[in-house]
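Enquirer: could you look at this predicted model? Sequence included:
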Amino acid sequence: MNRGIRNIDSRRSTLPEYTTSGACIGNWKIQLRSNKLSICPRMRKILELEKGYDDHINDFFDLVKPGQLNQLIHDFKIACFNGAKFEKRVQVETPRGTEKWVQLTGVLYSRRWGTPEQMIGTIEDVTQKVNEECLGMAIVNHELRAPLTIIKLNTQSLINHLGHSINKQPVKLLNIVDQHINGITRLMEEYLSASDGDKPEQLNFCLFDLNSVIDNVMGEMRILYTGHRFCKNTNNDAVMVRGDKYKIMQVLINYFTNAAKFSPQCSHITVSINRTDTDVEVAVHDQGIGINQEDGRQLFQKFCQSSQKSVRQKNSKGLGLYIVKNIIQKHGGTVRAENGQNGGAVFYFSLPNIEQSKFNTTGQEAVKLMA
């Protein structure tokens with residue numbers, strides 16, 4: 001594992017609150033140097049394992065659906081490197097052929113200061129919960145299909161009707177509306193098919209100008225948040241990247257929206273692009289309250305909200321930055337956040353300059369990636 005793993009004092013480390021009363025929870029422990037996995041009888045029961053499956057971590061990896069294994073390993077390594085809480089939901093197929101969804105959580109444990117030796121965690125069978133979520137999403141999908149179809153048809157009708165008009169601004173705005181309707185439709189389809197572990201989310205990769213996308217999103221933000229000043233601290237030269245254009249727009253919208261919500265009126269929200277030989281990094285800098293130390297480590301975790309009640313959003317579910325992290329990781333990039341040198345907060349995301357190869361990983365190959 002990485003030598004830069006940050007220590008977590010085991011006396012202050014607590015497992016996250018993730019269960020409902022009466023849930024059957026199993027425990028596991030991984031030795032970071034040897035990748036040896038030890039499991040309790042409850043975990044063995046959840047995964048329907050016979051004796052002999054707790055010798056090495058590749059025995060567990062072989063149970064995980066191939067389309068989810070790479071991301072599981074990536075999140076585990078990031079948690080170890082940053083000293084953050086590890087939390088992941090994956091689909092497994094037990095040796096008896098039963099398909100289940102399990103929730104994994106874990107924290108680092110150290111016996112000597114500065115040298116984490118193992119990660120200890122829990123496993124919970126959340127199959128029923130996932131099925132209920134999918135059923136609820138299917139109902140929402142069904143109820144929204146009809147009005148979205150009507151909105152799209154009327155939007156396209158207006159585009160065709162105004163296509164020959166001298167004033168092109170209405171058509172431009174209608175095209176943006178049409179694009180967002182397509183995005184909402186895709187988003188519903190992705191959540192509806194989230195229970196199929198054999199079919200990982202398909203991103204629509206294409207080559208596009210990141211600078212142009214930023215300009216378009218900033219134009220929309222200026223309409224929504226008239227009390228803020230959105231600026232771009234970079235030139236207008238084309239910055240070509242490869243990715244899912246709409247997904248990157250989602251990331252930018254989330255960053256800009258958070259910056260507007262957590263910064264005072266009439267303040268500046270500045271975006272900049274830094275390009276290196278390996279990646280392109282976008283930074284969104286606000287003039288708000290900044291990030292306190294308590295929130296900093298968990299900002300991109302699921303259901304994470306600010307600990308400061310004065311700025312916490314009433315209707316927020318704490319999923320925005322978690323979704324951002326998932327989108328960027330699927331593009332092969334990274335996310336991070338820090339306090340600005342002159343105040344406020346800076347949120348970053350990066351995209352690789354070159355396309356990285358995609359492959360399915362078996363349990364034996366996964367152990368090599370863990371090393």
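Expert: Everything's here; your move. Residues are numbered from 1 along each chain as shown.
Enquirer: so which residues make contact with stretch 169-186?
Expert: 144, 148, 151-152, 155-156, 158-159, 162-163, 165, 216, 220, 246, 249-250 (CB atoms under 8 Å, 6 or more residues apart in numbering). Quick note: C-beta positions are derived from backbone N, CA and C, even for glycine.
Enquirer: among these, which are located in helices?
Expert: Of the positions in the contacts of stretch 169-186, 144, 148, 151-152, 155-156, 158-159, 162, 216, 220, 246, 249-250 sit in helices, assigned by DSSP state H.
Enquirer: picking that back up, report the buried members of the contacts of stretch 169-186.
Expert: Buried by 16 or more other CB atoms under 10 Å: L148, K152, T155, L158, I159, E220, Y246, M249, Q250, out of these.
Enquirer: low pLDDT regions in the stretch 51-200 of the chain?
Expert: Counting by pLDDT under 70, the stretch 51-200 of the chain has low-confidence residues at 52-55, 112-114, 189-200.
Enquirer: where along it do the helices fall?
Expert: Listed in chain order, the helices of the stretch 51-200 of the chain (DSSP state H, counting those that start in this stretch) span 57-61, 66-82, 127-162, 169-192.
Enquirer: could you export these as TSV, including distance to K325?
Expert: Converted to TSV, these look like this (distance: least, CB to CB, whole Å):
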stretch	distance to K325
helix 57-61	22
helix 66-82	9
helix 127-162	19
helix 169-192	16
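Enquirer: and those, which is most packed in?
Expert: Mean neighbour count (mean count of other CB atoms under 10 Å) peaks for helix 57-61 among those, with a mean of 20.
Enquirer: sorry, back to before: would you point out the most distant pair within the buried ones among the contacts of stretch 169-186?
Expert: Pairwise distances across the buried ones among the contacts of stretch 169-186 peak at 24.8 Å for L158 and Q250 (criterion: CB to CB).
Enquirer: can you pull the contacts of M218?
Expert: F230, K232, F256, V271.
Enquirer: just R229 next, same as before
Expert: R229 neighbours (CB under 8 Å, 6+ apart): C266, S267, H268, I269.
Enquirer: and it, what are its phi and psi?
Expert: Main-chain torsions, R229, degrees, to the nearest 10: phi -110, psi 110.
Enquirer: who does the biggest strand by length in the chain pair with, and is each partner parallel or antiparallel?
Expert: Using DSSP state E to define each element, the chain has its longest strand at strand 99-112. Strand 99-112 pairs in its sheet with strand 86-93 (antiparallel), strand 115-125 (antiparallel), by DSSP bridges.
Enquirer: which positions in the longest one come out as buried?
Expert: Right, the one you point to is strand 115-125. Going by neighbour count (16+ other CB under 10 Å), the buried part of strand 115-125 is P116, Q118, M119, I120, G121, T122, I123, E124, D125.
Enquirer: now those as TSV including distance to G106?
Expert: TSV is the format used below for those (distance: CB to CB, whole Å):
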residue	distance to G106
P116	11
Q118	10
M119	5
I120	6
G121	3
T122	7
I123	9
E124	12
D125	17
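Enquirer: before we move on, the earlier item: among the contacts of R229, which lie within strands?
Expert: Per DSSP E, those map to strands at H268, I269.
Enquirer: ok, C24 - how many residues close by?
Expert: 12 (other CB atoms under 10 Å).
Enquirer: please tell me how far it sits from L47.
Expert: From C24 over to L47 the distance is 12 Å, taken as CB to CB, to the nearest Å.
Enquirer: and if you look at S110?
Expert: Taking CB to CB, one finds S110 at 27 Å from L47.
Enquirer: can you check Q128 too?
Expert: Counting by CB to CB, the gap from Q128 to L47 is 16 Å.
Enquirer: S263 too?
Expert: 47 Å.
Enquirer: same question, L72
Expert: Computed as CB to CB, the L72 to L47 distance reads 15 Å.
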